[in-house]
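**Q** Dropping a prediction and its sequence here:
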Amino acid sequence: MFRKPHRWLGALALLGTMAQAHVTLEYPVATAGQSYKATFKIAHGCGSSPTRVVEVEIPAGVRGAKPMPKPGWQLEVHRETLAQPYISHGRSITEDTTRIRWTARTESDQLASQHYDEFVLVATLPRQVGRLYWPVRQICLQGRLDWTERPGPGQNWHDLASPAAELELMPAATGAHSHP
């Protein structure tokens, strides 16, 4: 009588372990055109090697990305001049963040492979609904994992070996306030 639920729980635990094998977002669904807190979940290192760098590439159309500092980690924010400036809060924005990099300051600050951590930024999402992919590079003391693959036509994100973190953008509710 208890064997079927036990098998089901085992399968569920296996799926949970497989889902944690990739860098994922805490909240994989958001409203297009709104402010979003992107929390990247890092569940392991490169084999047994600790993570010393986490680098997030900001997808096209995402604006005003700002990282959350982490104790023991140095921040590097890479900005580039925009081909098409935009207006935000009455100011013309001519350059924006394209990449954010967290680097462990010391060996003891590195993320041990058997531990879990989160790396956070906030930004304004594009207004277009659909799927948005956040490439993440995880550089370890020995080796690296590039979570940069995007599914092609007819391909499922879960079938990729090294998928970029996926965010589904949903339509905004009528009358919702947004920040360009």
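**A** It's in.

**Q** Doesn't Ser108 belong to a strand?
**A** No - Ser108 is assigned helix when assessed by DSSP: H, G, I helix; E, B strand; the rest coil, not a strand.

**Q** burial of the nearest residue to it once chain neighbours are set aside, as a residue count?
**A** Closest residue to Ser108 apart from its sequence neighbours, by Cβ to Cβ, 6 or more residues apart in numbering: Gly72 at 7.8 Å. Quick note: C-beta positions are derived from backbone N, CA and C, even for glycine. Neighbourhood size, Gly72 [other Cβ atoms under 10 Å]: 14.

**Q** My read is that Gly72 contacts Glu107, right?
**A** No - the pair Gly72 / Glu107 is not scored as a contact, 10.5 Å apart, by Cβ atoms under 8 Å.

**Q** Pairing partners for Thr103 in the sheet, please.
**A** Beta-bridge partners for Thr103, by DSSP bridges, are Val53, Gln74.

**Q** The spatially most central residue of the chain sits in which helix or strand?
**A** Nearest residue to the geometric centre of the chain (Cα atoms, centre = their mean): Phe40, 4.2 Å. Assessed by DSSP states H and E, Phe40 sits inside strand 35-42.

**Q** What would that strand look like as PDB? C-alpha coordinates only.
**A** Taking C-alpha atoms only, strand 35-42 is exported to PDB below (Å, rounded to 0.1, in the frame of the first residue of the first chain):
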ATOM      1  CA  SER A  35      11.000  45.900 -12.200                       C
ATOM      2  CA  TYR A  36      12.400  42.500 -11.400                       C
ATOM      3  CA  LYS A  37      14.600  41.000  -8.700                       C
ATOM      4  CA  ALA A  38      16.700  38.300 -10.400                       C
ATOM      5  CA  THR A  39      18.000  35.800  -7.900                       C
ATOM      6  CA  PHE A  40      20.400  33.300  -9.500                       C
ATOM      7  CA  LYS A  41      20.600  30.100  -7.600                       C
ATOM      8  CA  ILE A  42      24.100  28.400  -7.600                       C
END
